[in-house]
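give me the fold of what follows.
(2 chains)
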Amino acid sequence: MSAEELREQLARIGDRAPVADVPPDTWARGRRSLRRARLATAGAVVAAVTVVAGLVAWLPARDAEPPVADRSSLGVPDRIELPPERMSDRSSDDSWTREEVSDDLAVGVGAAAFVTPFGLPVVVDAADGSHHLLDLPDFAGNASLVAHGLFSDRLALELSPDGTRLAYAYAEIGPESDSAPIPSGVRVVDLGDGSVRTIPVVGGEGVVVTDVGWSPSGSWLVWRGAQLSSWTSGSMGGVERDVAGRVAPGAVASDRIRLPSGNASVTAAIDDRGTVVLSGDAAVRLVFPESPPVGVTETDDVIVREPSFSVHVAWRGPVVHDVRLTDDAQEHVVASHVTSPGFDQPMEAARRPFPFPQETSGRPLAVLGWVDDEHLLVRVGQEGEPAVGSLGELAVVGPGGPDLPGTYRVVGELDEGLPRLSVATDLVTVDHPTVERPAPDWPWSEERISLTIGLGVAGALSVLWLLRRGWRVWLARRRPAL
Amino acid sequence: MPTAENDEDAFRAFVVARTPALSRTAYLLTGDAHLAEDLVQTALFKAARAWHRIDGDPEPYVRRILYTQNVSWWRARRVRETPLTGYDAPAPVGDADLRLTLERALARLTVRQRTVLVLRYFEDLTEVQVAHVLGIGPGTVKSIARQALGRLRNVAPELAGLVGDGGAR
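Have a look, this model is predicted:
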């Protein structure tokens, strides 16, 4: 038999084959599948282009030099960010592990400073807006116990008004800490040359300095803190008493000053002659220096008759501007305590309303400092939010009046969760409150690096897949019909 | 000018007209009615997807899918396939019907052998065309065809006359 006979037998077998049942929706399913494939192709192209474009856009940016600003362009950035949590990573001995945390303290003029919730000090550069993560020598927050303990969000870190110096709370916690008081107090860093001045504060088992105030020219310091009855490397005991003191220009010792008693809260400020004002909810006390030598002479306390408490106090020339909030938290007033040349004369107090503009109504607010005699720099949060860590708006406010709406200008944005902030107020003016700076360039997290590599590989595979598909289509079109 | 509606009508007309012939080829390729139906459905589904790209008669395109899809399925399945017991043993003697004998013998071929045989002797493709469709060399097609015919002779000696001593001519 021949091939012809084989073909005939095969045809006989084929003739017995049942005719396949072709579903009536075959055409519709085929077209839907085609549309899905086209969408997937478009998606793959977009993903590949996005990845490639992202890498192209990112690579030069990594190499770009930060903008260089001369001194005249120093300013407070219009955006201040909280570093990612991984920047505060520590080793088992509490030391900072990230290479971005530097012990080179000569960072130049600072515009703002804060301590992260994990105890890491940050100084925001006034020249380029970069965020310097600083390993300050013996900063109290360097110890996890202190950073996360009783004073977790209250450790002093304060820029001088011109931003050239940084005062902070220090505590030398070491092997002797379990058997002897912990040496502690205030240190001052010159951000120009990185030098550090130590001002010890002695008392109890150590003193945690919680607040520091600079005089307008940055020459004097006033501090407040808590003297502890028990403090070791492994535990912090109760507060023995609240203490305060002042530091003369260049001094390495502190004069103690007495806090007015019977006050739930006290704010403090010092002028360029060393005069301290301590403003509480029950009394305001002025503490004058004697010169020479520097000593302490106190006036009688001025009893505060209006039920109110001080939220911010500052010297404006010879006048104390005391921003107070009435007891019902409805009205801000500025009490101008005029100092008298003679110590024995009673302090005169003038009270004027400082009605904050409507935009702040019902919103949490913290005063950062005076911009001029009529304008305050404030942090404002959203209505109904708790004040701590939610004050995301940096604004300049001026008082309104019966016929004036007041001033409310949002001049900057603060990261959610940004703790207590110190601002170099000399760099802020009503006309130029903040400056535009690039966002900090944080190193990528491991997750982000992995995701980028994954997307890059996916993009590359998509491109390869498209090329292969294109090649096969091209081959199919070239193939002769059977 | 072709429209989507025209394309769909043309596809449906093609399905009605050519499904029986495609079913025959599919059955010969697979030797199983269910697999044959799956094969035809898959080929037509792929044809519907690519209908806009088919220039001229769609049948060669659909048949090419039929052939290659069958080989693809075999490649996907072959790792799970177990060798046939008594692969080259003769089929039971006594089946006088040549067609049934051939059908049983075809079932003893490998998919590649069976496909080459069907393409060469049922679809009447040249060795070069078979090689092109299956993506293998013409020499390989010749070799597989020879092996297939030899195996048919082994499993069904009574087909010797049908497939010849050295292969069908």
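
can you name the residues that contact residue 143?
Going with chain A. By C-beta atoms under 8 Å, 6 or more residues apart in numbering or on different chains, A:Ala143 lies in contact with A:94, A:119, A:171, A:173, A:233. Where you see a C-beta, it was placed from the backbone N, CA and C, and this is true even at glycine.

for the chain, what spans make up the helices?
You didn't pick a chain, so chain A it is. Per DSSP state H, chain A carries helices over the ranges A:3-15, A:26-63, A:144-147, A:446-478.

nope, chain B
With DSSP H as the criterion, chain B has helices at B:4-30, B:33-49, B:59-77, B:98-106, B:111-121, B:127-134, B:138-155, B:160-163.

let me know the pLDDT of the residue of the stretch 201-350 of chain A at minimum distance from chain B.
When scored by C-beta to the nearest C-beta, the stretch 201-350 of chain A has A:Gly234 as its residue closest to chain B, at 64.0 Å. Per-residue pLDDT puts A:Gly234 at 84.

for it, give its distance to A:Ile173.
Using C-beta to C-beta, to the nearest Å, A:Gly234 is found at 10 Å from A:Ile173.

neighbour count for the two, which is higher?
The neighbour comparison of A:Gly234 against A:Ile173 (other C-beta atoms under 10 Å in any protein chain shown) goes to A:Ile173, with 23 against 9.

who's in contact with the more buried one?
A:138, A:143, A:146, A:182, A:233.

which residues does B:Ile144 contact?
Going by C-beta under 8 Å, 6+ apart, B:Ile144 touches B:112-113, B:116.

now the helices of chain B as TSV including mean pLDDT?
Listed next are these as TSV, based on pLDDT from 0 to 100:
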stretch	mean pLDDT
helix B:4-30	89
helix B:33-49	91
helix B:59-77	80
helix B:98-106	82
helix B:111-121	88
helix B:127-134	86
helix B:138-155	88
helix B:160-163	66
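
closest one to A:Glu446 among those?
Closest to A:Glu446 of those is helix B:59-77 (C-beta to C-beta; 38.9 Å).

for the closest one, C-alpha coordinates in PDB please.
Extracted in PDB, the C-alpha atoms of helix B:59-77 (Å, rounded to 0.1, in the frame of the first residue of the first chain):
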ATOM      1  CA  GLU B  59      -7.500  28.300   8.100                       C
ATOM      2  CA  PRO B  60      -3.700  27.900   7.800                       C
ATOM      3  CA  TYR B  61      -3.400  30.100  10.900                       C
ATOM      4  CA  VAL B  62      -5.900  28.100  12.900                       C
ATOM      5  CA  ARG B  63      -4.400  24.800  11.800                       C
ATOM      6  CA  ARG B  64      -0.900  25.900  12.800                       C
ATOM      7  CA  ILE B  65      -2.300  26.700  16.300                       C
ATOM      8  CA  LEU B  66      -3.800  23.300  16.300                       C
ATOM      9  CA  TYR B  67      -0.500  21.600  15.600                       C
ATOM     10  CA  THR B  68       1.700  23.600  17.800                       C
ATOM     11  CA  GLN B  69      -0.800  23.700  20.700                       C
ATOM     12  CA  ASN B  70      -0.900  19.900  20.600                       C
ATOM     13  CA  VAL B  71       2.900  19.700  20.800                       C
ATOM     14  CA  SER B  72       2.900  22.300  23.600                       C
ATOM     15  CA  TRP B  73       0.400  20.300  25.600                       C
ATOM     16  CA  TRP B  74       2.500  17.200  25.100                       C
ATOM     17  CA  ARG B  75       5.600  19.100  26.300                       C
ATOM     18  CA  ALA B  76       3.700  20.300  29.400                       C
ATOM     19  CA  ARG B  77       2.400  16.800  30.100                       C
END
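
now do stretch A:158-176: distance from first to last residue.
Using C-alpha to C-alpha, to the nearest Å, one end of stretch A:158-176 lies 29 Å from the other.

tell me the buried residues in that stretch?
Buried residues in stretch A:158-176, counted by 16 or more other C-beta atoms under 10 Å in any protein chain shown: A:158-173.

chain center to that stretch: distance?
Relative to its parent chain, stretch A:158-176 has a centroid offset of 17 Å by C-alpha atoms, centre = their mean, to the nearest Å.

ok, now which ones touch B:Gly135?
Going by C-beta under 8 Å, 6+ apart, B:Gly135 touches B:Thr68.

quick check: residues of chain A near chain B?
Contacts of chain A with chain B, taken as C-beta under 8 Å from any C-beta of the partner chain, map to A:1-3, A:5-7, A:9-23, A:26-27, A:29-31, A:33-34, A:37, A:477, A:479-482.

and these, which of them are buried?
Buried members of the residues of chain A next to chain B, counted by 16+ other C-beta under 10 Å: A:1, A:3, A:5-7, A:9-10, A:13-14, A:17, A:20, A:22, A:26-27, A:30-31, A:34, A:482.

for whatever residue of chain B ends up closest to chain A, give me its contacts.
Proximity of chain B to chain A (C-beta to the nearest C-beta) peaks at B:Ala48, 2.7 Å away. B:Ala48 makes contacts with A:26-27, A:29-31, B:11, as judged by C-beta under 8 Å, 6+ apart.

at 10 Å instead, please
Listed by C-beta atoms under 10 Å, 6 or more residues apart in numbering or on different chains, the contact set of B:Ala48 reads A:25-34, B:7-8, B:11-12, B:14-15.

show me how chain B divides into domains.
Using automatic domain parsing, the domains assigned to chain B come out as B:1-81, B:90-169.

single out the most deeply packed of the helices of chain B.
helix B:111-121 (a mean of 24; mean count of other C-beta atoms under 10 Å in any protein chain shown).

what sits closest to A:Pro137 if chain neighbours are left out?
Excluding the flanking residues, the one nearest A:Pro137 by C-beta to C-beta, 6 or more residues apart in numbering or on different chains is A:Val196, at 6.1 Å.

so who does A:Glu240 touch?
Counting by C-beta under 10 Å, 6+ apart, A:Glu240 makes contact with A:203-205, A:207, A:226-230.

filter these to the buried ones?
Buried among the contacts of A:Glu240 by 16+ other C-beta under 10 Å: A:203-205, A:207, A:226-228.

now render the residues you listed as CSV, adding pLDDT.
CSV is the format used below for the buried ones among the contacts of A:Glu240 (pLDDT from 0 to 100):
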residue, pLDDT
A:Gly203, 89
A:Gly204, 89
A:Glu205, 91
A:Val207, 93
A:Ala226, 92
A:Gln227, 92
A:Leu228, 91
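
so which two of those are the farthest from each other?
Using C-beta to C-beta, those span at most 11.1 Å, a distance reached by A:Glu205 and A:Ala226.

if we can go back for a sec, need the worst-confidence member of the buried residues of stretch A:158-176.
Minimum pLDDT for these is recorded at A:Ile173 (89).

how close does it get to chain B?
As judged by C-beta to the nearest C-beta, to the nearest Å, A:Ile173 and chain B stand 67 Å apart.

any idea how far that residue is from A:Gly149?
From A:Ile173 over to A:Gly149 the distance is 12 Å, taken as C-beta to C-beta.

I'm done for today, thanks for sticking with me.
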